[in-house]
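J.: Here's a sequence, model it:
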Amino acid sequence: MDRLRALEVFVEVVRKNGFARAADALETSPANVTRYVRDLESHLGTRLLNRSSQKMSLTESGETLFERAKAILDEVAEVELIASSATMQPRGLLRINAPLSFGILHLAPLWPQFLQRYPEVELDIALVDRVVDIVEEGYDLAIRISRTGSTSYAARKLAASHNIVCASPAYLRKNGSPKTPSDLIGHTCIGYSYAATADEWNFTDENGQANPVKVSCVMHTNNGDTARAAALAGLGIIWQPSFLIGADLRAGRLVPLLPGYRLPDIDVLAVYPSRRHLSAKVRVMVDFLADAFKETPPWDMDV
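T.: All right, here's what the predicted structure looks like:
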């Protein structure tokens, strides 16, 4: 148990007079707040709070701990302020994880600009398509492509990207173009291994009506560039984000299919362990990336 964190949670519960309000203030879940208080009581061998469905009150032990814990946390905050004054300038090693294709196409051109602006920061960039545990694997920041956001860590949306179904002109000349999602059943498709819905492609029409379809895939891959290369070679139909295939669509190397139907869009997120005590190097990187993508992303222009 992180005893300092447990004291912080306990003090916030008392100050906010409730577990849910404390969870909101601490940007965590009520379940986490409950666990910290329960573990603290177990560690101390005494009940700290009397709680019922209507009210909550401090026990005698709880009152004593609350006053002492406040003093301890104030002292810790003062020490942190002294220490942080030496780290206001972004500096040191910044470890970043990002997806392979997005990292090569849209992040790699930005790193020289960032390093020119913040010369005391050293970057360590790892491009991996799997979802990493940023705390367990020692990353300061991760860039994720997601439809569901992040439930475990703090996140800031940097941009969005459309998922587009497409195929090469050669494939379409040979096999024809599907007009509705159900037409995909008669076509050869290329699947993305990390898709949450596997080979079920979930479309919505212009009225918001769901149109899911189970496709038949001749090939699966966990890398978007591999799916793109297969589609360009005429192997079959793919869906991939516009940040990967936008240039191919504009050049006519790939043709968008199923007008009037959409797949869910995805977000480009900066994910980091916590909004609290955010280091200067992480903060300036998140701000830098948000500023870089604040206009219409280049991959979605004219797509």
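J.: I'd say residue 6 and residue 36 touch.
T.: Yes. Applying C-beta atoms under 8 Å, one finds residue 6 in contact with residue 36, separated by 4.7 Å. No exception for glycine: its C-beta is placed from N, CA and C like everyone else's.
J.: residue contacts, the nearest residue to residue 107 once chain neighbours are set aside?
T.: Residue nearest to residue 107 in three dimensions, not counting chain neighbours: residue 98, with 5.6 Å by C-beta to C-beta, 6 or more residues apart in numbering. Residue 98 is in contact with 107, 125, 126, 127, 128, 142, 143, counting by C-beta atoms under 8 Å, 6 or more residues apart in numbering.
J.: most neighbours, which of those residues?
T.: Within the contacts of residue 98, most neighbours by other C-beta atoms under 10 Å means residue 142, with 25 neighbours.
J.: pLDDT value on that residue, please?
T.: You'll see residue 142 listed with a pLDDT of 94.
J.: Who are the packing partners of the helix or strand where it lies?
T.: Using DSSP states H and E, the element containing residue 142 is strand 141-146. Here strand 141-146 touches strand 92-98, strand 154-161, strand 266-272, helix 280-292, going by 3 or more C-beta pairs under 8 Å, 6 or more residues apart in numbering; DSSP states H and E.
J.: closest to residue 120 out of these?
T.: Nearest to residue 120 among those is strand 92-98; the distance by C-beta to C-beta comes to 7.5 Å.
J.: List the buried residues in that closest one.
T.: 94, 95, 96, 97, 98 (16 or more other C-beta atoms under 10 Å).
J.: if I pick the closest residue to the fourth one other than its chain neighbours, what's in contact with it?
T.: This means residue 97. Excluding the flanking residues, the one nearest residue 97 by C-beta to C-beta, 6+ apart is residue 142, at 4.3 Å. Applying C-beta under 8 Å, 6+ apart to residue 142 gives the contacts 96, 97, 98, 132, 134, 270, 271, 272.
J.: where do the helices sit along this structure?
T.: 3-16, 19-26, 30-44, 60-84, 100-102, 111-117, 169-175, 224-232, 242-251, 280-292 (DSSP state H).
J.: per-stretch mean pLDDT over those helices, give me the minimum one.
T.: helix 60-84 (a mean of 78).
J.: Could you report the neighbour count for the closest residue to residue 178 other than its chain neighbours?
T.: Spatial nearest neighbour of residue 178, excluding adjacent residues (C-beta to C-beta, 6+ apart): residue 184 at 5.3 Å. Per other C-beta under 10 Å, the neighbour tally for residue 184 reads 21.
J.: What are the structural domain limits within this structure?
T.: Using automatic domain parsing, the domain parsing of the chain gives 3-84, 92-159+267-300, 163-264.
J.: thinking the residue nearest to residue 178 is in contact with residue 201, fair?
T.: Yes. Contact criterion C-beta under 8 Å: residue 184 and residue 201 qualify, at 6.9 Å.
J.: joint contacts of those two?
T.: 165, 213, 215.
J.: okay, residue 119: pLDDT?
T.: The model's pLDDT for residue 119 equals 94.
J.: That one - how many residues pack around it?
T.: For residue 119, using other C-beta under 10 Å, the count is 10.
J.: Tell me the spacing between it and residue 112.
T.: 11 Å (C-beta to C-beta, to the nearest Å).
J.: re the thing from before, reformat the contacts of residue 142 into TSV and put distance to residue 12 and pLDDT next to each item.
T.: Shown next, in TSV, are the contacts of residue 142 (distance: C-beta to C-beta, whole Å; pLDDT from 0 to 100):
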residue	distance to residue 12	pLDDT
96	31	96
97	31	95
98	34	95
132	30	80
134	25	85
270	26	93
271	24	91
272	21	88
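J.: Would you convert the residues you listed into a markdown table that also reports distance to residue 172?
T.: As requested, those are arranged in a markdown table below (distance: C-beta to C-beta, whole Å):
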| residue | distance to residue 172 |
| --- | --- |
| 96 | 39 |
| 97 | 37 |
| 98 | 33 |
| 132 | 38 |
| 134 | 41 |
| 270 | 38 |
| 271 | 38 |
| 272 | 43 |
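J.: Before I go, just wanted to say thanks for your time.
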